[in-house]
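A.B. asks: just to be clear, the model below is a prediction. Sequence and coordinates:
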Amino acid sequence: MADEKHSLLGAVIEGAAGLAGSYAATLTHLFRKPVTEQYPEYKRPMPARTRGRIILTRSPDGNERCVACYLCSGACPVNCISMQSEEGENGRRQAAWFRINFARCIYCGLCEEACPTLALQLTPEFAFCKDDIADFVYEKEQLLVDHGGKHPDYDFYAHAGIAAGTPKGSHIDEDEPVDVKSIMP
Amino acid sequence: MTAELLIGVGVMLVKMAVALAVALGLAAYMILLERKLLGRFQVRYGPNRVGYFGLLQPLADGLKMLLKEDIIPDGVDRRIFLVAPAVVAGMALFAFMLVPFGETLTILGHAVPQVIVRTNVGLLLVLALSSLAVYGLALGAWTSDNKYSLLGGIRGAAQMISYELALGLSLVPVVMRARSLDLSDIVAAQSGLPFAVTEPFAFLLFIIAALAETKRIPFDLPEAENELQAGFHTEYSGMRFALFFVGEYVNMVLLGALIAVFFLGGWHGPILPPIVWLGIKVLAVPVFLIWTRASLPRLRYDQLMALGWKVLVPLALLNVLLTGAILVAAA
Ligand code: SF4
Ligand code: SF4
């Protein structure tokens, strides 16, 4: 009996200590600085590779990088990229129009990975709300920027783009064209 | 004679207006206080956008509630459904008329007691009103025609029955010491030591039982969000929903006032003017309730019942006997 009494008292003390512990824990919280970030006033700097709004970049010489190869629109799981290719004055392929529907985009980044010219890039900008859902359809003019994005020094045509503006054999890491008649056995 | 009567009626109206404004204003800001404090307890800010420091938040909330659509689902018993929230809020406000705010004043030769209604059964009336409020809850839940509401309502009613006893019994020692059921007399009896010191067990029991009466964590079984959606007010929206909350927060303030009157010596206190003391005591209780809400988990339903019937009621009875023995020994 005495033993039971003791265990009851012990249980009461243990319970009371447990309660006091949780009260103490919340009390210490009261004097800590809140961890909340006050969003519109303080914008946390996002990592450079955050997948937000999409841009079309330009190479260092100021030309459009996009060669309208349709790879991005083929890679897009939700089919929100569409374009029409054409040939420009200097013989370069380019997009006659280029359209991304951001209301449908899921910001997966597959288009960026598919793009062979590093033209299409996702930026950390994520807050661009609209009142009208139709305004989310961005045209080429809205997508094009005048810098190189994450790869400012890269120029696709310095590596490839056969004979469009740059003659054969003048590309980086490219051998001179071989005269087939000179390599006869 | 008529002039006397008119003055009496006028004074009564003014007192009622003041009490109503104080109760509702406090309740509105109690919501802000709760949200702010809960935020800080959880290491975040709480509302701080509307007005300086979030001070206009209650106003914005009220406006929003008023503008919301008042949805009355098919299948509800309309009359009872519409009245139920008003019962909850109304009973809490009614109980306020019994709370004394200070000594009897003498203005222009008239004795003006600082209480709206002074009766010699004040304590009983307060208990009765607080039990009536549960009717609003249970009826609203029952007529909602929703199983979650019904479960919440049943829990509310069962909880009320089991804790009402402990609540009443924990006040018996207070009555024995004050030798009166009149709230003003009870305060007057504490001009020396408050009953919280002389009757610590009764104080503790009353706080626990009152926590259950106000249906707040750890005893918020009737609305238990994670089991019952919102419990008894699941089907309510707009201002009717808000009325339930007005009731709950007025109840919190009322509880503060009652604990101040029954155990903390009402407006008695050194140095500061009486009304300030009363204010401090009345506000200390809700702050404690909010702190409790941030600290404790919800009880399981059977634990709640076991605590009420097997622990609180016997302890309260024992406490009555103990107080009786002490009083007899002292006399
Ligand atoms: S990020 Fe994904 S969804 Fe968006 S355009 Fe690119 S591929 Fe399509
Ligand atoms: S994958 Fe790149 S280069 Fe090809 S169409 Fe898309 S953006 Fe243009």
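C.D. replies: It's in. Ligands and ions are numbered 1, 2, ... in the order given.
A.B. asks: how far away is the residue nearest to residue B:272 when sequence neighbours are not counted from residue B:93?
C.D. replies: Once flanking residues are discounted, residue B:272 sits nearest to residue B:280: 7.8 Å by Cβ to Cβ, 6 or more residues apart in numbering or on different chains. For the C-beta atoms, the positions are set from N, CA and C on the backbone; glycine is no exception. Residue B:280 is 22 Å from residue B:93, where distance means Cβ to Cβ, to the nearest Å.
A.B. asks: more neighbours: which of those two?
C.D. replies: The neighbour count for residue B:280 versus residue B:93, taken as other Cβ atoms under 10 Å in any protein chain shown, is higher for residue B:93 (20 against 14).
A.B. asks: give me every residue that touches that one.
C.D. replies: B:20, B:23, B:24, B:250 (Cβ atoms under 8 Å, 6 or more residues apart in numbering or on different chains).
A.B. asks: just those residues now: which is nearest ligand 2?
C.D. replies: Checking the contacts of residue B:93 against ligand 2 by Cβ to the nearest ligand atom gives residue B:24 as the nearest, at 61.8 Å.
A.B. asks: remind me what whichever strand in chain A runs longest packs against, helices and strands.
C.D. replies: Ranked by residue count, the top strand of chain A under DSSP state E comes out as strand A:93-101. Judged by 3 or more Cβ pairs under 8 Å, 6 or more residues apart in numbering or on different chains; DSSP states H and E, the packing partners of strand A:93-101 are strand A:81-87, strand A:137-138, helix A:140-143.
A.B. asks: just these: most buried one?
C.D. replies: strand A:137-138 (a mean of 18; mean count of other Cβ atoms under 10 Å in any protein chain shown).
A.B. asks: okay, domains of chain A per the record?
C.D. replies: Using the TED database, the domain parsing of chain A gives A:1-32, A:53-158.
A.B. asks: tell me if I'm right that residue A:153 and residue A:60 touch.
C.D. replies: Yes. In this structure, residue A:153 is within contact of residue A:60 by Cβ atoms under 8 Å, at 6.1 Å.
A.B. asks: which of the two has more neighbours?
C.D. replies: Applying other Cβ under 10 Å to residue A:153 and residue A:60 shows that residue A:60 carries more neighbours, namely 13 against 8.
A.B. asks: enumerate the residues of chain A near chain B.
C.D. replies: Residues of chain A lying near chain B by Cβ under 8 Å from any Cβ of the partner chain: A:19, A:22-23, A:25-27, A:29-30, A:32-36, A:38.
A.B. asks: ok, which stretches of chain A are helices?
C.D. replies: A:2-30, A:71-75, A:110-114, A:140-143, A:156-159 (DSSP state H).
A.B. asks: near ligand 2, which residues of chain A?
C.D. replies: Applying Cβ under 6 Å from any ligand atom, we find that chain A lies next to ligand 2 at A:66, A:67, A:68, A:69, A:70, A:71, A:72, A:114, A:115, A:117, A:119, A:120.
A.B. asks: in space, what's closest to residue A:68 - neighbours in sequence excluded?
C.D. replies: Here the residue nearest residue A:68, using Cβ to Cβ, 6+ apart, is residue A:85, at 3.5 Å.
A.B. asks: residues contacting that neighbour?
C.D. replies: Contacts of residue A:85 by Cβ under 8 Å, 6+ apart are A:68, A:69, A:70, A:93, A:94, A:95, A:96.
A.B. asks: what about it, distance to ligand 1?
C.D. replies: Noted for residue A:85: a distance of 18 Å to ligand 1, by Cβ to the nearest ligand atom, to the nearest Å.
A.B. asks: turn the helices of chain A into a markdown table, columns for distance to ligand 1 and mean pLDDT.
C.D. replies: Below are the helices of chain A laid out as a markdown table (distance: least, Cβ to the nearest ligand atom, whole Å; pLDDT from 0 to 100):
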| stretch | distance to ligand 1 | mean pLDDT |
| --- | --- | --- |
| helix A:2-30 | 40 | 81 |
| helix A:71-75 | 6 | 93 |
| helix A:110-114 | 3 | 94 |
| helix A:140-143 | 11 | 91 |
| helix A:156-159 | 19 | 82 |
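A.B. asks: let's have the ones you listed in CSV, adding distance to residue B:304.
C.D. replies: As requested, these are exported to CSV (distance: least, Cβ to Cβ, whole Å):
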stretch, distance to residue B:304
helix A:2-30, 15
helix A:71-75, 58
helix A:110-114, 54
helix A:140-143, 60
helix A:156-159, 71
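A.B. asks: and the closest residue to residue A:30 other than its chain neighbours, how far from ligand 1?
C.D. replies: Nearest non-adjacent residue to residue A:30, counting by Cβ to Cβ, 6+ apart: residue B:40, 5.2 Å away. To ligand 1, residue B:40 is 40 Å away according to Cβ to the nearest ligand atom.
A.B. asks: any low-confidence regions in chain A?
C.D. replies: Chain A contains residues with pLDDT under 70 at A:1-6, A:161-165.
A.B. asks: what about residue B:221, which helix or strand?
C.D. replies: Per DSSP states H and E, residue B:221 falls between elements, in no helix or strand.
A.B. asks: which parts of chain A sit against ligand 1?
C.D. replies: Close to ligand 1, as judged by Cβ under 6 Å from any ligand atom, chain A has residues A:75-78, A:80-81, A:100, A:105-111.
A.B. asks: now the strands: where do they sit in the stretch 101-250 of chain B?
C.D. replies: B:105-107, B:110-112 (DSSP state E, counting those that start in this stretch).
A.B. asks: picking that back up, so which of the residues of chain A next to ligand 1 wins on neighbours?
C.D. replies: residue A:100 (27 neighbours).
A.B. asks: kindly state the pLDDT recorded for residue B:268?
C.D. replies: In this model, residue B:268 is scored at 72, pLDDT.
A.B. asks: what's the nearest residue to it if we skip its chain neighbours?
C.D. replies: Here the residue nearest residue B:268, using Cβ to Cβ, 6+ apart, is residue B:191, at 5.4 Å.
A.B. asks: from ligand 1, how far off is that neighbour?
C.D. replies: Residue B:191 is 75 Å from ligand 1, by Cβ to the nearest ligand atom.
A.B. asks: and what of residue A:128?
C.D. replies: 14 Å.
A.B. asks: cool, and residue B:135?
C.D. replies: 56 Å.
A.B. asks: residue B:89 against residue B:246, yeah?
C.D. replies: Yes. The pair residue B:89 / residue B:246 is scored as a contact, 4.7 Å apart, by Cβ under 8 Å.
A.B. asks: quick one: low-confidence parts of the stretch 1-150 of chain B?
C.D. replies: B:1, B:102-114.
A.B. asks: show me where it has helices.
C.D. replies: With DSSP state H, counting those that start in this stretch, the ranges of helices along the stretch 1-150 of chain B come out as B:2-41, B:57-67, B:78-96, B:122-143, B:147-178.
A.B. asks: in CSV: those helices, plus distance to residue B:304.
C.D. replies: Below are the helices of the stretch 1-150 of chain B laid out as CSV (distance: least, Cβ to Cβ, whole Å):
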stretch, distance to residue B:304
helix B:2-41, 22
helix B:57-67, 30
helix B:78-96, 20
helix B:122-143, 15
helix B:147-178, 7
